[in-house]
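S.K.: when you get a sec, could you give me coordinates for this:
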Amino acid sequence: MNDIACEPRNHRTSRSGLMALSLSALGVVFGDIGTSPLYTLKTVLALTGPASDKAATLGALSLIIWTLIVVTTIKYVYFAMRIDNDGEGGIMALMSLLGVKLKPRPFIVAFGLFGAALIYGDGAVTPAISVLSALEGLNIVDPAFAPYVLPASVLILAGLFFIQSKGTARIGRAFGPIMLIWFITIGLLGIWGIAQHPTVLFAINPLYGLSYLLSEGLTGFLVLGGVFLCVTGAEALYADMGHFGAEPIRFSWSALVFPSLVLNYAGQAALVLEGAPTSDNIFYRLCPSSMLIPLVILSTIATIIASQSIITGAFSMTRQAIQLGWLPRLQITQTSAQGYGQIYVGVINWTLMIVTCALAIVFGKSDNLAAAYGIAVSATMLATSALLFVAMREIWKWNIFKAGIIAGAFMIVDAAFFASNLSKVESGGYVPLILAVLVYSVMVIWHRGAAVVAVRLQEGVIPIDTFMAEITKGDIPRVPGTAVYLTRTKQDAPPVMAWHLKHNRSLHERLFVLTVLTELVPFVGSSKRITVTELAPQFWRATAHYGFMERPNIPELLKKAHNNGCTIDLSDVTYYVGHETIIPREDKKGLPKWVVSVFAFMQRNCLHISDYFRLPSDSLVEIGRQVSI
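M.R.: Here you go, the predicted model:
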């Protein structure tokens, strides 16, 4: 492995540090996959038939266990987490590494972006199915609670989204210990269930799962769609690698999460073999009746934590997409100074809330939502496997045979799950797919429109030498202070400065031309933040570098430039930015009019550039211009 993608930067930790990070990871990384026992086996056995026999039960359990081993342990924990983009994982970071950073490849970029869009689609389903499945335990406590499960679920979901703007730093500190209690609890419940029918442990033999698949034909194939629910949170292990590093996640998974999940699934299957009904939630049958209400409360809290992880992940992925130029600028609020992951994106929050609550109301029960769940994540996992093949070839330098055998095995497994999940499209699986297509369309239109705008602006730029010559020979009045011109151009004179000179016929004494670049790494070190070149006396050109997990702060950047020897006057700074009004081209050589209309709408409603760059409004001058695309 070379130095482009290796183990994350914080992979070496002390024993106490490892324990602390592992505990924190429990509350952030494993919420989704950790609450899957609430609905997975119930969904699988509903597909095998109302009266599941021993072969079907053991076969289903064997498939679940080996899906956890192959997909989560081997593919993600062992292989995928060895490939990172400066410590960041997930399909977006992998896409930027393989499709842009190593070599420009539009196909890989498109492939990775659609995988990321699919996560948004499934992210709306996760909170709804998780909270509904937790509260449905009340039906076992007393059937009279049944009419209140859906309203209570919607209220909890709405409340979860309403508190996002307040920040989750304080609540987040409690997530780890709560999920520790959760995993210990479900593990102990599983052990109790296994004790009722110990022969259930035969399902560890993969032949039980393979035999069921081969003997049941179409039914066995469709069961895979339910089995896949046990690993829907596996992608989060990889995506959250940058928060904790690979080692704490691997430790938490191997030492606690995986054993607890296997024990609980086995315990549920043991009760079914003992004759327990499968019509209601089997998970709660593991619990003594006197402890049901505390377990429902713990389950509800665990599903809220799982939902919180999904929402936080959507915020983080949105920020990455904005910085990489695939989404319009949105208002991002840092809710805590303790970590870059503590952010809030209002547009994403309220959109997810509306969609999630609507899904809960329309589908009504977790059983119905299970039909809509899994198809998007299975497609994302298939995309990740394809990208892993590229990484094995180009980063690890494996030969095509070795990479093809391993990545090909992953793709076969993922393709089988995806094909099985396609059967869900008609009964609800279309929901996350439609959401994913909408998100992907927004990404493509914004990126394409922004690229064309950049080309159009470049057409009218003036070479810097020509501009300097005009200033030197012309009688240009100079006024006190420093003018900072933000521009996309890297070499020529900024159009906004040329227009300012044309209309005002004067310039400031000190001129500072700044271009801000987003690098294909999460963070840029302080020493590489800004480079400044003095083109002429009192005339500087600077380039600032930020990672795709960072938000630019131009006033702070000027202080850094001043401290490094640039003699700009920080007490009298005026910022100049251009504001484009997008119109269609009249020569019919531009983008389709409907694309221009959509892009123009997003451009009008995105976060103002002054807010994005944190420019003081009382020192800002905006110069408008029409750009035909």
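
S.K.: contacting residues around the closest residue to residue 42 other than its chain neighbours?
M.R.: Spatial nearest neighbour of residue 42, chain neighbours left out: residue 282 (5.2 Å); criterion: CB to CB, 6 or more residues apart in numbering. Bear in mind the C-beta positions are built from the backbone N, C-alpha and C, glycine included. Contact analysis of residue 282 by CB atoms under 8 Å, 6 or more residues apart in numbering lists 41-42, 45, 268, 271-272, 276.

S.K.: mind showing which ranges of the protein have poor pLDDT?
M.R.: Counting by pLDDT under 70, the chain contains low-confidence ranges at 1-14, 50-52, 167-173, 243, 336-342, 460, 474.

S.K.: which of the helices or strands spans residue 509?
M.R.: strand 507-518 (DSSP states H and E).

S.K.: name the residues of that strand that come out as buried.
M.R.: 507-516, 518 (16 or more other CB atoms under 10 Å).

S.K.: and which of these is nearest residue 347?
M.R.: Nearest to residue 347 out of those is residue 518 (CB to CB; 20.0 Å).

S.K.: who does the closest one bridge with?
M.R.: Judged by DSSP bridges, the bridge partners of residue 518 are residue 546.

S.K.: tell me how far it lies from residue 440.
M.R.: Distance of residue 518 to residue 440, computed by CB to CB, to the nearest Å: 20 Å.

S.K.: farthest pair within the buried residues of strand 507-518?
M.R.: The widest separation within the buried residues of strand 507-518 (CB to CB) is 31.1 Å, between 509 and 518.

S.K.: from the chain's centre, how far out does whichever helix or strand residue 192 is part of sit?
M.R.: Assigned by DSSP H and E, residue 192 belongs to helix 169-196. Centroid displacement of helix 169-196 relative to its chain, using CA atoms, centre = their mean, to the nearest Å, is 25 Å.

S.K.: who does it touch, helix- and strand-wise?
M.R.: helix 15-28, helix 31-34, helix 258-273, helix 292-323 (3 or more CB pairs under 8 Å, 6 or more residues apart in numbering; DSSP states H and E).

S.K.: run through who's touching the shortest one.
M.R.: Okay, so that is helix 31-34. Helix 31-34 has contacts (CB under 8 Å, 6+ apart) with 26, 72, 126, 130, 175, 179, 182-183, 230-234, 236-237, 257, 260-261, 302-303, 305-310.

S.K.: can you tell me the element the residue nearest to residue 212 when sequence neighbours are not counted falls in?
M.R.: Counting by CB to CB, 6+ apart, residue 212 lies nearest to residue 59, which is 2.6 Å off, once chain neighbours are set aside. Using DSSP H and E, residue 59 falls within helix 54-67.

S.K.: which other helices and strands does that helix contact?
M.R.: Using 3+ CB pairs under 8 Å, 6+ apart, the elements in contact with helix 54-67 are helix 40-48, helix 206-216, helix 218-227, helix 258-273.

S.K.: residues near residue 481, how many?
M.R.: For residue 481, the count of nearby residues is 15 (other CB atoms under 10 Å).

S.K.: surely it is within a strand?
M.R.: Yes: counting by DSSP: H, G, I helix; E, B strand; the rest coil, residue 481 falls inside a strand.

S.K.: what residue lies at the spatial centre of this protein?
M.R.: Computing the C-alpha centroid of the chain and ranking residues by CA atoms, centre = their mean puts residue 317 first, at 3.8 Å.

S.K.: surely it and residue 118 touch.
M.R.: No: using CB atoms under 8 Å, residue 317 makes no contact with residue 118, being 11.3 Å away.

S.K.: buried set for stretch 216-229?
M.R.: Residues 216, 220, 222-229 are the ones in stretch 216-229 that count as buried (16+ other CB under 10 Å).

S.K.: how far does that stretch sit from the chain's center?
M.R.: Centre-to-centre, stretch 216-229 and its host chain are 28 Å apart (CA atoms, centre = their mean).

S.K.: if you drop the residues flanking it in sequence, what lies closest to residue 105?
M.R.: residue 99 (4.8 Å).

S.K.: also residue 508?
M.R.: Of all residues not flanking residue 508 in the chain, residue 483 sits nearest, at 3.8 Å (CB to CB, 6+ apart).

S.K.: over to residue 39?
M.R.: Once flanking residues are discounted, residue 39 sits nearest to residue 133: 4.3 Å by CB to CB, 6+ apart.

S.K.: how is that neighbour assigned, secondary-structure-wise?
M.R.: helix.

S.K.: burial of it, as a residue count?
M.R.: Using other CB under 10 Å, residue 133 is surrounded by 30 other residues.

S.K.: go on, residue 246?
M.R.: For residue 246, using other CB under 10 Å, the count is 23.

S.K.: can you pull the contacts of the residue nearest to it when sequence neighbours are not counted?
M.R.: Sequence neighbours aside, residue 81 is the residue nearest to residue 246 in space, at 4.4 Å (criterion: CB to CB, 6+ apart). Taking CB under 8 Å, 6+ apart, we find residue 81 in contact with 89, 237-238, 241, 246, 249-250.

S.K.: so of those, which ones are in helices?
M.R.: Using DSSP state H, the members of the contacts of residue 81 that fall within helices are 237-238, 241, 246, 249-250.

S.K.: between which two of the residues you listed is the distance greatest?
M.R.: Spanning the widest gap among the ones in helices among the contacts of residue 81 are 238 and 250, at 11.6 Å by CB to CB.

S.K.: ok, the two, which is more surrounded?
M.R.: Applying other CB under 10 Å to residue 238 and residue 250 shows that residue 238 carries more neighbours, namely 27 against 20.

S.K.: backbone phi and psi for the closest residue in space to the more buried one that isn't next to it in sequence, please?
M.R.: Computed as CB to CB, 6+ apart, the closest residue to residue 238 that is not its neighbour in sequence is residue 89, at 4.4 Å. As for residue 89, its main-chain torsions (degrees, to the nearest 10) stand at phi -120, psi -170.

S.K.: how about residue 89, what does it touch?
M.R.: Applying CB under 8 Å, 6+ apart to residue 89 gives the contacts 8, 80-81, 83, 238-242.

S.K.: returning to what we had before: with neighbour count added, can I get the contacts of residue 282 in TSV?
M.R.: Output for these, formatted as TSV (neighbours: other CB atoms under 10 Å):
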residue	neighbour count
41	30
42	25
45	24
268	31
271	23
272	26
276	17
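
S.K.: residue 139 and residue 146: what is the separation?
M.R.: 5 Å.

S.K.: so the two - more neighbours on which side?
M.R.: Using other CB under 10 Å as the criterion, residue 139 and residue 146 rank with residue 139 on top: 17 against 12.

S.K.: now the more buried one: how far from residue 370?
M.R.: To residue 370, residue 139 is 16 Å away according to CB to CB.

S.K.: hey, where'd the helices end up in the stretch 301-450 of the chain?
M.R.: For the stretch 301-450 of the chain, the helices defined by DSSP state H, counting those that start in this stretch occupy 346-363, 366-370, 375-394, 400-421, 430-458.

S.K.: thinking again about what came up before, checking my notes, the residue nearest to residue 105 in a helix, right?
M.R.: Yes: judged by three-state DSSP, residue 99 forms part of a helix.

S.K.: what sits against it?
M.R.: With contact set as CB under 8 Å, 6+ apart, residue 99 has these partners: 105-109, 111-112.

S.K.: list just the nearest of these to residue 615.
M.R.: residue 109 (30.5 Å).
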